[in-house]
Each structure stands twice: as structure tokens, then as C-alpha cells.
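# Attaching a predicted model along with its sequence, questions to come.
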There are 8 protein chains.
Amino acid sequence: MSTTPQVGIVMGSDSDWPVMRAASEALGEFGVPVEVDVVSAHRMPTEMIDYGRQAAGRGLRVIIAGAGGAAHLPGMLASVTPLPVIGVPVPLKYLDGMDSLLSIVQMPAGVPVATVSIGGARNAGLLAARILASGAGDEAAALRERMEAFQEELGKAAHAKGENLRAQL
Amino acid sequence: MSTTPQVGIVMGSDSDWPVMRAASEALGEFGVPVEVDVVSAHRMPTEMIDYGRQAAGRGLRVIIAGAGGAAHLPGMLASVTPLPVIGVPVPLKYLDGMDSLLSIVQMPAGVPVATVSIGGARNAGLLAARILASGAGDEAAALRERMEAFQEELGKAAHAKGENLRAQL
Amino acid sequence: MSTTPQVGIVMGSDSDWPVMRAASEALGEFGVPVEVDVVSAHRMPTEMIDYGRQAAGRGLRVIIAGAGGAAHLPGMLASVTPLPVIGVPVPLKYLDGMDSLLSIVQMPAGVPVATVSIGGARNAGLLAARILASGAGDEAAALRERMEAFQEELGKAAHAKGENLRAQL
Amino acid sequence: MSTTPQVGIVMGSDSDWPVMRAASEALGEFGVPVEVDVVSAHRMPTEMIDYGRQAAGRGLRVIIAGAGGAAHLPGMLASVTPLPVIGVPVPLKYLDGMDSLLSIVQMPAGVPVATVSIGGARNAGLLAARILASGAGDEAAALRERMEAFQEELGKAAHAKGENLRAQL
Amino acid sequence: MSTTPQVGIVMGSDSDWPVMRAASEALGEFGVPVEVDVVSAHRMPTEMIDYGRQAAGRGLRVIIAGAGGAAHLPGMLASVTPLPVIGVPVPLKYLDGMDSLLSIVQMPAGVPVATVSIGGARNAGLLAARILASGAGDEAAALRERMEAFQEELGKAAHAKGENLRAQL
Amino acid sequence: MSTTPQVGIVMGSDSDWPVMRAASEALGEFGVPVEVDVVSAHRMPTEMIDYGRQAAGRGLRVIIAGAGGAAHLPGMLASVTPLPVIGVPVPLKYLDGMDSLLSIVQMPAGVPVATVSIGGARNAGLLAARILASGAGDEAAALRERMEAFQEELGKAAHAKGENLRAQL
Amino acid sequence: MSTTPQVGIVMGSDSDWPVMRAASEALGEFGVPVEVDVVSAHRMPTEMIDYGRQAAGRGLRVIIAGAGGAAHLPGMLASVTPLPVIGVPVPLKYLDGMDSLLSIVQMPAGVPVATVSIGGARNAGLLAARILASGAGDEAAALRERMEAFQEELGKAAHAKGENLRAQL
Amino acid sequence: MSTTPQVGIVMGSDSDWPVMRAASEALGEFGVPVEVDVVSAHRMPTEMIDYGRQAAGRGLRVIIAGAGGAAHLPGMLASVTPLPVIGVPVPLKYLDGMDSLLSIVQMPAGVPVATVSIGGARNAGLLAARILASGAGDEAAALRERMEAFQEELGKAAHAKGENLRAQL
């Protein structure tokens, strides 16, 4: 896999980074090159539109966008790119992220956003990996194998936790 | 007052018109010239950005934007205009407009949207009239007088309802 | 594009079909061959697990799963396939689909589900098309072009609605 | 009562144990032998299905399952066992367990889960004891007597709290 | 199985019967004799307390209680009987049964109620059958077999729905 | 005013006392004698019923009942006394008292509970004082005067806060 | 009992009357004279303040106020009268009265409103009757007796419903 | 711009000041003179009504009102002034400000409140500045220019955050 970023991870503010870094880390575990940036729908709308419009042409294949409150970034990017856009509802100080979730997931017909759980940036990364792995070609096939191995590891880790728990009792 | 539109009333889809027309009607009662259009954040993002950027220059003084679900239109317009933007949460088939409300009202610091009640387009129109009436100059003063007369009428109408009710009993 | 199904559209009960058919129709507009089935997590768990396990091997590249209430189907399928799984929260008689949404979107770290809006099956289909279009190869490139054309049409249709509305006033 | 476990207490992750141990403790107070394990619906689906399928044959009579977020474990177990399954909504970092509650309680017709309060693992244990006590035979009768004594103790403890409170004033 | 009622199905008002009859019907399918009554926590508290206190002695083994709004019946019965009590949240005119659900499920430690879904009376009946089937003795074993057959039928019916759906397309 | 308690302040557990003491303190400020006790609907149902039945005969004129979660105490007391019952929703660890509020306020027609805000025990005390002050006779008149003086003090205190704030700026 | 109104039943608009008339009817059953009026906090604030200020002096002993949405009437009246104020959350077109409920019940310390259920005007009337019945003097005692008889009737009616239901089966 | 206050910032209690000061600070950045006061709807209703009635005559052009819980201040002021009133939902100890939001935003037709986000006092200040900037005359034009410059700064600051983030990686 080349080092050209395949996934763009963007967020409305650097205060979202503590949540969003898990997306980057997950993709790092799968060897997927990413780029990370602050792209605010409300504070830099022109650059945001440009980011979305140019994403496919620059070689990105998936966009992950995190935002909180009236979270418009994922949906706005989805309106200007043909790429799949994954939205991460970032919880803010009040409402536990319910506002972020509804602002991201309740998109009108025509412009989908693939929404993950509140604060679920790790799953956003894993979903991007699944998307990359679903395509044609050897790289996708290799990535799909890694995903299957990862899923097997999840099972083993959970199994081990059960053993530890039983051992404690 | 000239016939140049002073308030732009926009909505994400013409299906929002049955809700949004009340904003237009309210402003008509106050003699405020308006323009009405469909401007979709998600389906025509470039035109939406242009609409917002050009609004002040074209002489608009307030924007009223209605949208439902992941309602991004009011907030996106607010990010590209210095004008006050009033957001109307349009209720969709599910969730009774709670998603629309949160998507509009929970804007990040820096970019305010003046949000009214779910389906509250009439109040959006009245709020625009109050804003126009709050400025300097004779037109504003005349509008403020009309608003005070309107408020007095509200009281009289409510009073009459009470009389009718008491008469029925 | 061959006629081998590329997207599996499954639902917990045939009562979900009136909602879910929009996913099938959207993919039909893009010429993507699909398969449709009832696969209930709770009523036929073994077949459900088998469906998920065999999906990638049978050539499916995306799974769309709709379910309502304690909606376990999308998440359970995601746990047994490396493919991207798109979840459609189907609204039931009570709670307006909020239970369906939370049961689908709030997945634990490790097993993502790409969730769309309540009742948003059309967007699930469009998201699947974007995912297929994001891959390598000519088919993906052709699909991406279609998606861009589709997005342009969305804009034109919205624009036309605005014209109609202005003409009425 | 023999030492063969009569109640299986399972959870999606060992991070649920601080909540779930109260179920084990409550059953310990009633002398009911239990087994405890990590059985993740999403991370070890095959073992989870096997656990449910074999539960009745291994002599278990009730299953208590705790899970959080998109909590699928109780419902999935209920789909593969004829035993009564008690679900404990484990609260996660956001939403105060409302997602867990709805994901567990809103099961479709045909596959019930006996749901207790958010974080209510102690009551899950007590409910299991009531179920065991409701059967035929001497063991059940003895357990029912213990339950009645327990309920009497609850009343005395509450009464004593009232005395203490009145004494403080 | 004798004709002595084994399950008492009670509700706060006869207006709950259209919801609650599904519990009776489900138990009828399993050949479990039931009794049905109106027992209002708020309108006939003494009789309600008596009903709960005498239930076990009269040979009942499970109580199913349905109530709406500030639904106190299931919890109050659970406080005066050692039997397992199953609560059915009956949805009223407003709030879609969310008030009923929380009033039933959020019981304090010490007094569990086995809560099923909003309006989920059929599942309440099936849960009662599972509880009866979990006991010792031949009747329980026979009932457990019926439950397994019932679950198999559920799978077959779901499978047939899938066939029908595929045939339509 | 005699020292016979006029208001009974009861709660489901002594853990509610930190919230409920504000009711007692408010009534103390008005010189209204009160009694305080733990009366659990779920843990001591018989005594709870007796408490309610005997309240009017013992000279109580108002009951204040605080409870959390599936908060059944206020409603159950209201079903066995003709006195006005004031309910205080006590917030528990999860859900911020929304479950307590709905369990108390959503009473069926026939049996009212006068509900105050979540954690609003002080207002429960003040409401009891207003009720006592609304009756015939000199004591009531004296209490009504105290309430008017209290309300005037509220205004003065708020006014002083404004002065302090302005002085700081 | 004289014919001077003892309870003032007011509402923000005559559109609330279909809900609020049940309060009047309930008090009619108890022979309590009432007055009914439209008093809008938002449309006739001065008259609303006057209504509250004069209520006690005019001989009213309880105020029942119904309002919907941002329901300010009960709380504002409570701020200008020492009388007990009962608030009825009137459900509007959206949100099922949850906004009305929170706007009424969540009053700040110092100014209580006795809130009943959403749409619960009948209970507001019954609560007013209980308040009137809680006072000193013969009229109150007579009213208390009527309330006890009413409660007995409630029990008998519920009992009869049970008989009817059992007879149908 | 003269030093006569143009915006009145009021709140129900000085405990709201830590939230509300951000409104004052924002307007200070724009050189808009403000006045700040405690004006409680519930504790000083007469002064509150007077404040609203006199606001326009005293030269105020916008009112910002913050309140929590059953937040009646913004709506009551809006009922007695023709000026635009901006409401800030102040979050209290429970419910994360959802009660405050609904009590402020869900105003009846006729009396609008321009509602901002929960705790969003800074945006209330910025919205007031936009309103002042929307009027006729040189002062408004100058303010509009400042707002445009401010919006440009927002974009630059967000851009810089992106640079910093990229530099860290």
C-alpha cells in the first residue's frame, strides 16, 4: 500500500482530537495511511467545501468527520463528495452527544452519512478499513484478511477476559 | 418602505413550505418585503454558500431558514453572512422535530442561529420584524410602533377569547 | 457490472420491507445487482450467523440490514463478516425509531455499523453505492461518475423546486 | 441444593463485572450456585450462540446477561435458549444507560428478555431467585421461604432507617 | 397440567385489556391455565395488596401485571409476593409508553420486576411460559419441549417470509 | 399553631434525606410542625398503606413524599388518603431524575399527586405552607401573611443580588 | 358552600379548553364553585399579573392554570399569589407535552407549582378539592367526606370492570 | 458609538452570571455598551415587567435573558417589549439544560424568543451584535464590518489549529 493518504480524518476543532485520534490509531494498526486536519464547517466554510470537493481527486477514498453539537461537518462534506463519509458524534459538555448524534445521522434522502456511536472514533477507523477492504484488487483482499484476523483477535481477547474473571472468583 | 426584499426566507425543500409560509405571511402583515426560495445545504451547497455570502450585499437584513432532520441550512448560512439568521426547526415524520431543533440551536461559539420553536415559522417572521424594528431611523421606528400595536391586538384577542369562553359556560 | 449480487439487503421481518425497499430501488438506479432476504437475528439466529459468515465468500461487498426495536441484526452481522454493514433503524409503533437507532448505532469498539437515519433505507442504498464506488478499478470509477451525476441532479431538482415555489408566489 | 450452577451470569466484557457482581452476590445470599463468564455477542458470536444453546442441557435454569450500549447479548441468548433470560442494562460513559435499556427491553414478539433497571444487577439476581423459587419441589419451596424472609428483612431494615432518622431530628 | 391457574394476568384498568390479552393468548397456546382480573394499585389498593399477598398461596406461580403512565401495579405486587412478577408497560395517549416503561423497570434494589417491551404483552406470556418451563418435574420438561418447538416454528415462519419476499421480487 | 404535626414528610429510604430535609427546613421557617419518617412503598408496603390511611385521622393535613426511580410512594399514599399529597422526584445515579419525575407526575385520573421539580424538596415544603395557608380560620390567614412576606423577601434578595452584580462590574 | 368561586381555572388560550374543562367538571362533582377564564401570560401579561395578585383577595383559594409549550402561566401566577397554584401541562402538536411538563414543573426554589400529569386536568380539579378539603372548618370536613366517598367509588368501579372482564372470558 | 447601553443582559439569579458573562464579553469585543442586571421573573415579577416595558424607551435595542429550569424570563420579557429578545438556556444541576431549552424556545405564536444553545451566552452576545449590525446607518455598517472581520478571524484561528494538529503528528 502506498503512503498516499487513503482516509482523511477531519474534525471541527482541535478540541475534538482526544476523541478522534482513535480513528487514526485504528487505521494505523491496519497500515492504512491517513491525513488529519481541522476543517470547520462553521468557521471555515469555503475551505470545508474545497476539502470535500477535492478529496476524491486527491486520492482519498473515505472521509471520517467528527463534530459535536449542531454537528454539520459530516453532512456538508457528504454533500460535496461522492466518497463515503463516516460521521463521529463528538459529545460536548451537555446532552451527552445526543445532539451531535441526531445532527449527523438524520440526513435527508440523497446524502448519506455513515454514522458510528457517540465518541466512537475507533469504530469509524475500523469501518473505513472495512470499506477499503471491500473493494476489488489485491490490496483490498490483503486488508480483508487483516480484518478477519483482527476479528479473531477480538474473540480471543474477550475469551481471555472470561478466563481471568473466572480465575478471580 | 421600499419593495427591495429585506428578509430572505429559505428552506431546504419545497416540502417545508406549508410550515414556512407562516413566516412570509407574518412579515406581509407588517408590510416587510420578502423573498422566498429553496436553498438546500445538502443538495445545492455551492448555491447555498453563495446565497449566504451575497445576502447582505443584495440588501437583505435578516435571513430566515427552515430545515428538518439534520438541519444544517440555518447554521451554514450563519457561517457565511454577518446578518442575523433565524432558524425554524421543521418537524419531519419521526421524532417530532427534536432532531431539527437540536441540529439548529446547538451551534458552536462564534456562529449564532436565532432559533424559534418547532414549526414556529410565524414567530420567525415576527422576530425578523422585531429585528428590523430595533434599528435606527424612521422606518424602524414606524415598524416598532406597528409591533406595539400588534402586541396590543394579541392581548385584546386573548381577552375576547376569555369573554367567549365565560359566555359559553 | 456482472449480475452477481454485490449488496445483500436483509431485514428482521417482511414487515420491514415497505421501509427497506427504498434501499433496493436506490441501488437499482445505479445498476448495482442486489439480493434481498428476511434474516432474523432473534428468530433464525443460526441462519443469520451463517448469512454473515458466508457473505464475503459469496461475493457480496456490502450488507444493508434493517431492523426495529431492540434491533440486533446489523450489529450481529457486523460481528461475523469483515464487510461493511449498513444499519437502517426501522421505526416501530412506539418511540419513533429512537430505540432502533440506539440499538444499531451504539456498537462497542471493534465492531462498527454504518448507521443511517431512522427509516433512511434510500440513503443506505446510496451509501452502499458510494462504498462500491470508492474502490479501485473501472467499475468503481464508473460508479463514482454516476454518483457525481446523481448529486448534480439532486442540485438541479432542488433548484427547480425553488423556481416553482417562486413562481407560485 | 447441589453445587451444579443453576444460574449463568454472563456479560459482554469484564468491564461490566463491577456492575454485574451484585447479581452473583445476591444469589450467593440465597445459596444458589452460579457460574460467571464473559460471553460477548459481538466479539465471540459463535461461543455466545453455543453458550445459549447448551445452557439448558448443562443444567442451568436461568441466564442473567449484562451488556451496555447496543446491548445485544441478552436478546441473542434468549433467541437460542428456552430458559428465561434476565437482561441487565449496563450504563456506559454516555446516555446514562438509556441506550442499553432500550436495546435490551424492546425485544420483538416471540423472544422475551426479563429486563431489570439500569445497573440493576442485584435485582437480576433476586429475580433469578424468585424464578427458581416458583417451581415445584422442596428446593423451590425452601427458596420461596427464604425469599419471604428476605422481604421481611427488607421491611425491618427500612423501618430501622426510619427510626434512626427520627432519632436524629 | 391441571386447570388451576398458574399465571395471574392483572391490569390497572379494563382499557389495558386490548394490549394485555396477548399475554393470555400466548399462555393459551402453551396450555397454561391463567386467570385474568382488573387490580388497580391506585383505585383499589387494599385488594391489590391482598391479591399479591395471596397469589403464591392460591397456587399462582407467576404474575403478569400491565399498567400505563405512573405504572405502579407491577412494582407494588412485587413488594408483597415472593413470586416473579412480569411488568408490561402499557402505552397511554402521550409519551409512547416511555413513562410506563420507566415507572416499571426502574425498581429499587430488593424488589425486581421482569420488564418486557412497551405493549409487549405477548412476550410477557412467553416469558411466564419460560419461567414455568425452567422448573423441576415432568410438567416443566414438557413445557420446555414445547418452547423449543415454538422457537423452531418462529424460525420456520421467518424463513418462509423470506421466501415469499424473494418470490415477489 | 399547636405542635401537632400538620405535614408528614416521608421518603422511601434514608438516602433521600439529604434531598428531603429542605422540605422540613422550609416548613420550619413558617413555624409549621412536621413529622419525618422513612416509609417505603416497596419494602414496607403494609406500613405504607397504614401510614396513608391514618394520616388524616392523626391530624396531618398535607403529606410530602419523596422517592426516586420507579417512585411509587407518592402515588400509593395518594390512593389511600383524601389529603393532598406532594411528590418530590428524587434523582438517582442515572437518568437525572427523569424516571422519578415521570413515575410521580403521570398519575391516572382519580388520584392526583402535586408534583414539584426534580430534587425540589424546598418547594414541596413551600407548597405545603401555601396549602395550609389557603384554608379558613386565623391560623391560615396568619400563614398567608407570612407567605406574602416571604415572597416580598424573595424579591428583595433577588434585587440585592442584582445590585451586587452591577457593583462588581 | 357559598357560590363565590373558590377555584380559578385559567388557561393561556381557549384552545386549551377541551383539555381544561375536565378540571371544571371534577370540581362540579364536588359542588365547588369555580370561575373559568383565558389569562395568557404572553399575550396579556398585565392582566395575568393582576389576576394573580387579586386572586386571594377576591376569595379564590386555589388556582388551576393550564398551558402548553413554553408554559409560563402557572409559574408566573405562582410568583404573584400566595395561593397554591396547580399546573396542567397541555400537550401541543409536537413533543407530546414534554415541553409543557418541564416548563411547568421545573420551577426554581421559592415559587412552587403543584404539577399534574400531561393533559391531567381532571386530576387538577381533584387536587384542588383535596386542598379545599384539608382545611379547618365544617365545609372542609364535608368535602373530605365526599373525597373519601369518591375514592371508595373509584374502587368499586375498578372492581366492577374486573368482574365484567372476567365475565367476558 | 455612544456609551448608552444598547443591549440589556439580564438573568434570573446571580448564579447564572458565570454562564452569562460570556455575552457581555462578546459584546465588549465589538465595542457595544451593555448593562447587566438580575431580573427574576419569579422573584420580582413587577420589576421584571417594568424592565421589559421600559427597555425600548430607555434606548436598549436588544435584550439578552438567561434562565434555567422552568425558564420564564426570556419569554415574559418578550411579551412586554417590542425589542428582539435573545434567550440563553442556562443548564442547572439536572437534565443538562434540556428543560431550560424547551421552556425558552417553545414560545407560542405571537411572542418570539431568539434562542441560542444551552449555555451559549457568547453566541447570544454575537447574535445581538449581528442584530445591531443589520440596521441602517453608519454605526450599523461599521459593526457589520467588524463582524465580517471577526468571522474571518474565526476561520484563521481554525486554520491555525489544523496546522498545529498536523505539526504534532
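Perfect, thanks for sending it. Computed from a predicted structure; not experimentally measured. Numbering: from 1, shown residues only, chains lettered A, B, ... in the order given.

# chain center to the longest helix seen in chain A: distance?
What stands out as the longest helix in chain A, according to DSSP state H, is helix A:138-168. Relative to its chain's centre, helix A:138-168 lies at 20 Å (CA atoms, centre = their mean, to the nearest Å).

# So which bits of it are buried?
For helix A:138-168, the neighbour count (16 or more other CB atoms under 10 Å in any protein chain shown) marks A:139-140, A:143-144, A:146-147, A:150-151, A:154-155, A:157-159, A:161-162, A:165 as buried. (Glycine included, C-beta is placed from N, CA and C.)

# Equivalent analysis for stretch A:49-62, please.
Neighbour counts using 16+ other CB under 10 Å place A:Ile49, A:Tyr51, A:Gly52, A:Ala55, A:Ala56, A:Leu60, A:Arg61, A:Val62 of stretch A:49-62 among the buried residues.

# Tell me which two in those are the farthest apart.
Across the buried residues of stretch A:49-62, no pair lies farther apart than A:Ile49 and A:Arg61, at 19.5 Å, counting by CB to CB.

# In contact with the residue of chain A found nearest chain F: list those residues for me.
Distances between chain A and chain F by CB to the nearest CB are smallest at A:Asp96, namely 10.2 Å. When contacts are counted by CB atoms under 8 Å, 6 or more residues apart in numbering or on different chains, A:Asp96 touches A:Ile118, D:Tyr94, D:Leu95, D:Asp96, H:Asp96.

# Which single residue of chain A approaches chain E most closely?
Proximity of chain A to chain E (CB to the nearest CB) peaks at A:Met98, 14.7 Å away.

# pretty sure that residue is in a strand, no?
No - checked against DSSP: H, G, I helix; E, B strand; the rest coil, A:Met98 lies outside a strand; its state is helix.

# centre of the chain versus stretch A:119-126, how much separation?
So, by CA atoms, centre = their mean, the centroid of stretch A:119-126 is 5 Å from its chain's centroid.

# Likewise for stretch A:60-70?
That offset, for stretch A:60-70, works out to 7 Å (CA atoms, centre = their mean).

# Tell me how far the residue minimising distance to the centre of chain A lies from H:Leu169.
By CA atoms, centre = their mean, chain A has its centre lying nearest to A:Ala124, at 3.0 Å. Distance, A:Ala124 to H:Leu169, by CB to CB, to the nearest Å: 17 Å.

# neighbours of the nearest residue to A:Glu148 once chain neighbours are set aside, just the number please.
Leaving aside its chain neighbours, A:Glu148 sits nearest to C:Pro82 (5.1 Å; criterion: CB to CB, 6 or more residues apart in numbering or on different chains). When counting by other CB atoms under 10 Å in any protein chain shown, one arrives at 22 neighbours for C:Pro82.

# Pretty sure C:Pro82 sits in a helix.
No - going by three-state DSSP, the assignment for C:Pro82 is coil, not a helix.

# and it, what is it in contact with?
C:Pro82 makes contact with A:Arg130, A:Ala133, A:Arg144, A:Met147, A:Glu148, A:Gln151, C:Ala56, according to CB under 8 Å, 6+ apart.

# If we use 6 Å, what do you get?
By CB atoms under 6 Å, 6 or more residues apart in numbering or on different chains, the residues touching C:Pro82 are A:Arg144, A:Met147, A:Glu148, C:Ala56.

# Reformat those residues as a markdown table; add pLDDT.
A markdown table is the format used below for the contacts of C:Pro82 (pLDDT from 0 to 100):
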| residue | pLDDT |
| --- | --- |
| A:Arg144 | 96 |
| A:Met147 | 97 |
| A:Glu148 | 97 |
| C:Ala56 | 97 |
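
# now, the most widely separated pair of the residues you listed?
Across these (CB to CB), the longest gap, 9.6 Å, separates A:Met147 and C:Ala56.

# Would you list the phi and psi of A:Ile118?
phi -60, psi 120 (degrees, to the nearest 10).

# What ranges does chain A have for its helices?
According to DSSP H, the helices that chain A contains are A:17-29, A:45-55, A:73-80, A:98-105, A:121-133, A:138-168.

# which one of those helices lies closest to C:Gln106?
Across these, closest to C:Gln106 is helix A:98-105 (CB to CB), at 9.0 Å.

# If you count neighbours, what's buried in the closest one?
A:Met98, A:Asp99, A:Ser100, A:Leu101, A:Leu102, A:Ser103, A:Ile104, A:Val105.

# Ok, stretch A:90-98 next?
Per 16+ other CB under 10 Å, stretch A:90-98 contains these buried residues: A:Val90, A:Pro91, A:Leu92, A:Tyr94, A:Leu95, A:Asp96, A:Gly97, A:Met98.

# residues from chain A in reach of chain G?
Selection of chain A residues close to chain G by CB under 6 Å from any CB of the partner chain yields an empty set.

# Tell me the residues of chain A that contact chain C?
By the rule CB under 6 Å from any CB, the part of chain A lying against chain C is A:61, A:82-84, A:105-107, A:109-110, A:112, A:114-117, A:122-123, A:126-127, A:130-131, A:134-137, A:144, A:147-148, A:154.

# Show me which of these are buried.
Buried by 16+ other CB under 10 Å: A:61, A:82-84, A:105-107, A:109-110, A:112, A:114-117, A:122-123, A:126-127, A:130-131, A:134-135, A:144, A:147, A:154, out of the residues of chain A next to chain C.

# right, is stretch A:5-20 up against chain D?
No - using CB under 6 Å from any CB, stretch A:5-20 stays clear of chain D, coming no nearer than 11.2 Å.

# likewise stretch A:52-68?
No - contact of stretch A:52-68 with chain D (CB under 6 Å from any CB) is absent, the minimum separation being 11.8 Å.

# Quick one: residues in contact with that stretch.
A:4, A:6-12, A:16, A:20, A:23, A:73-74, A:77, A:80-88, A:90, A:92, A:100, A:124, A:128, A:131, C:134.

# contacting residues around A:Thr3?
Contact analysis of A:Thr3 by CB under 6 Å, 6+ apart lists A:Pro33.

# same check, this time on A:Val88
A:Val88 neighbours (CB under 6 Å, 6+ apart): A:Gly66, A:Val116, A:Ala121, A:Ala124.

# And the furthest pair within these?
Among these, A:Gly66 and A:Val116 lie farthest apart (CB to CB), at 9.7 Å.

# got a pLDDT number for the residue lying closest to A:Gln6 once chain neighbours are set aside?
Among residues not flanking A:Gln6 along the chain, A:Arg61 sits closest, at 5.1 Å (CB to CB, 6+ apart). Listed pLDDT for A:Arg61 reads 97.

# List the backbone torsions phi and psi for A:Arg61.
The phi and psi values for A:Arg61, taken as degrees, to the nearest 10, are phi -120, psi -20.

# One more: A:Val111?
phi -130, psi 90.

# measure it to E:Ala56 for me?
For A:Val111 relative to E:Ala56 (CB to CB), the value is 59 Å.
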